[in-house]
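Q: the following block contains a protein sequence and its predicted model.
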Amino acid sequence: MAKINFGGVEEDVVTREEFPLEKALDVLKDDVIAVIGYGVQGPGQSLNMRDNGFNVIVGQRKGKTYDKAVADGWVPGETLFEIEEALERGTIICFLLSDAAQIELWPTVKSYLKPGKSLYFSHGFGVTYKDQTGIVPPADVDVFLVAPKGSGTSLRRLFVEGKGLNSSFAIYQDASGHAREKCIAMGIGVGSGYLFETDFYKEVTSDLTGERGTLMGAIQGIFAAQYEVLRANGHSPSEAFNETVEELTQSLMPLVAENGMDWMYANCSTTAQRGALDWWKPFRDATKPVFEQLYNSVKAGEQANISITRNSQPDYREKLEVELKELRESEMWQAGTAVRSLRPERS
Ligand SMILES: NC(=O)C1=CN([C@@H]2O[C@H](COP(=O)(O)OP(=O)(O)OC[C@H]3O[C@@H](n4cnc5c(N)ncnc54)[C@H](O)[C@@H]3O)[C@@H](O)[C@H]2O)C=CC1
Ligand SMILES: CC(=O)[C@](C)(O)C(=O)O
Ligand SMILES: [Mg+2]
Ligand SMILES: [Mg+2]
């Protein structure tokens, strides 16, 4: 573990330097890693591990995603199997179905968890909310998680570019005495940048907060609010969209990613800096109560309940599509489609 100072707080983290790929390959040399589910994390993690030289197979029910796995180079009968066959062959079972679907498949998965096998998650959800999910792993298997902090799509893209997405890791159960090194080896194998330790409860509560908050929910909310105010005051869709979204994603956020907020500010006009420095605190104060409400709702288990109830309905995909369509067809995101089509590299 490397001791790193994060803004005055020291944390022990794992980097690729002290846990190189060769070590990860050695730790898992006798394992068959079975990735169950080929949705978003499934492809990212399995392809990265395969390209890193691990012994990986995929278990996926027949259908569109199975065909996608074939197109990605997984070979039926060799590295691609029906779920039960993959569960039988795997020694590390990567449970990468959607969190709601994991409930339905759990009894099957459990029946293949022979002593000595490992159960791997990318979210603390199933185990933490066991009262609702029924996911209680047998005592004689290792149980751990690696949660990439981003979409499986980015996990793969960054890997292909020679970069990495940071991940958290957590050990829930160490039956073999080797759970920790196996878990970290998996984290390195899936293409993580650096790895930081957490536990299943903290992983799920922070993750549910982040995705409902600044990463996805809050950002759309704040975009919509500003866009609506600009439009109500006579600004064109082009002006409102550029001033709300396009400039942020194309120009300013890459600068924040590169060198932090103050550096982005420093590369803007003194006029903008003055305004941003005056206004960030009112925005923080206005939204903090909503974040507190959100965190409390996560803590109370309400957000997990909503996800389970809504996402386990047979028509949940159709219903989600209706809501995604509403976003897509809103004037703001329609303007976005037009703006993107005008990017010089696209025309
Ligand atoms: N989407 C992402 O990038 C991230 C996901 N995670 C976590 O990774 C895990 C996997 O999530 P995603 O990749 O988003 O899942 P997903 O929803 O994209 O994948 C679902 C997969 O499960 C299969 N499936 C669905 N219902 C099934 C059923 N009843 N029986 C058998 N197979 C079924 C589908 O065919 C598909 O392959 C979850 O725990 C999630 O919270 C963690 C970080 C990011
Ligand atoms: C991409 C990610 O890490 C999320 C937002 O937490 C998720 O997809 O669940
Ligand atoms: Mg999440
Ligand atoms: Mg997440």
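A: Yep, that arrived. Keep in mind that this is a model prediction, so the values were computed, not measured. Numbers count the residues shown, from 1 in each chain. Ligands and ions are numbered 1, 2, ... in the order given.

Q: please make it C-alpha for all contacts and neighbour counts, starting now.
A: Noted.

Q: find the nearest non-adjacent residue to the residue positioned nearest the centre of the chain, please.
A: For the chain, the residue sitting closest to the mean C-alpha position, by CA atoms, centre = their mean, is G150 at 3.8 Å. Excluding its sequence neighbours, the residue lying closest to G150 (CA to CA, 6 or more residues apart in numbering) is L165, at 7.0 Å.

Q: so how far is ligand 4 from the one you found?
A: Separation of L165 from ligand 4 (CA to the ion, to the nearest Å) stands at 11 Å.

Q: and that residue, how many residues sit next to it?
A: 21 (other CA atoms under 10 Å).

Q: ok, now Q220?
A: Neighbours of Q220 (other CA under 10 Å): 14.

Q: ok so it is a strand residue?
A: No. Q220: not assigned to a strand; according to DSSP: H, G, I helix; E, B strand; the rest coil it is helix.

Q: from ligand 4, how far off is it?
A: As judged by CA to the ion, Q220 and ligand 4 stand 17 Å apart.

Q: so for whichever strand or helix holds F241, mean pLDDT?
A: Using DSSP states H and E, F241 maps to helix 237-241. Averaged over helix 237-241, pLDDT sits at 98.

Q: counting contacts, what elements does that helix pack onto?
A: Under the contact definition 3 or more CA pairs under 8 Å, 6 or more residues apart in numbering; DSSP states H and E, helix 237-241 sits against helix 217-232, helix 331-341.

Q: can you add mean pLDDT and give the ones you listed back as TSV?
A: Compiled in TSV, the helices and strands packed on helix 237-241 are given as follows (pLDDT from 0 to 100):
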stretch	mean pLDDT
helix 217-232	98
helix 331-341	98
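
Q: about what we covered before: how far does the helix holding F241 sit from its chain's centre?
A: Offset of helix 237-241 from its chain centre (CA atoms, centre = their mean, to the nearest Å): 30 Å.

Q: what's the following helix or strand after that helix?
A: Following helix 237-241 toward the C-terminus (DSSP H and E): helix 247.

Q: so G260 versus L252, what's the distance?
A: 10 Å (CA to CA, to the nearest Å).

Q: cool, T153 as well?
A: Counting by CA to CA, the separation of T153 from L252 is 22 Å.

Q: okay if I get the helices and strands packed on helix 237-241 as a markdown table plus distance to ligand 1?
A: Converted to a markdown table, those look like this (distance: least, CA to the nearest ligand atom, whole Å):
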| stretch | distance to ligand 1 |
| --- | --- |
| helix 217-232 | 15 |
| helix 331-341 | 22 |
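
Q: tell me the secondary structure at the residue in the stretch 1-150 of the chain positioned nearest to ligand 2.
A: Residue nearest to ligand 2 within the stretch 1-150 of the chain: G150 (3.8 Å; CA to the nearest ligand atom). Three-state assignment for G150 (three-state DSSP): coil.

Q: was I right about it contacting L158?
A: No. G150 lies out of contact with L158 (CA atoms under 8 Å); the separation is 10.7 Å.

Q: shared neighbours, those two?
A: Residues touching both G150 and L158 (CA atoms under 8 Å, 6 or more residues apart in numbering): L165.

Q: residues of the helix or strand that A100 is a member of that come out buried?
A: Assigned by DSSP H and E, A100 belongs to helix 99-111. Going by neighbour count (16 or more other CA atoms under 10 Å), the buried part of helix 99-111 is 99-100, 102-103, 106, 109.
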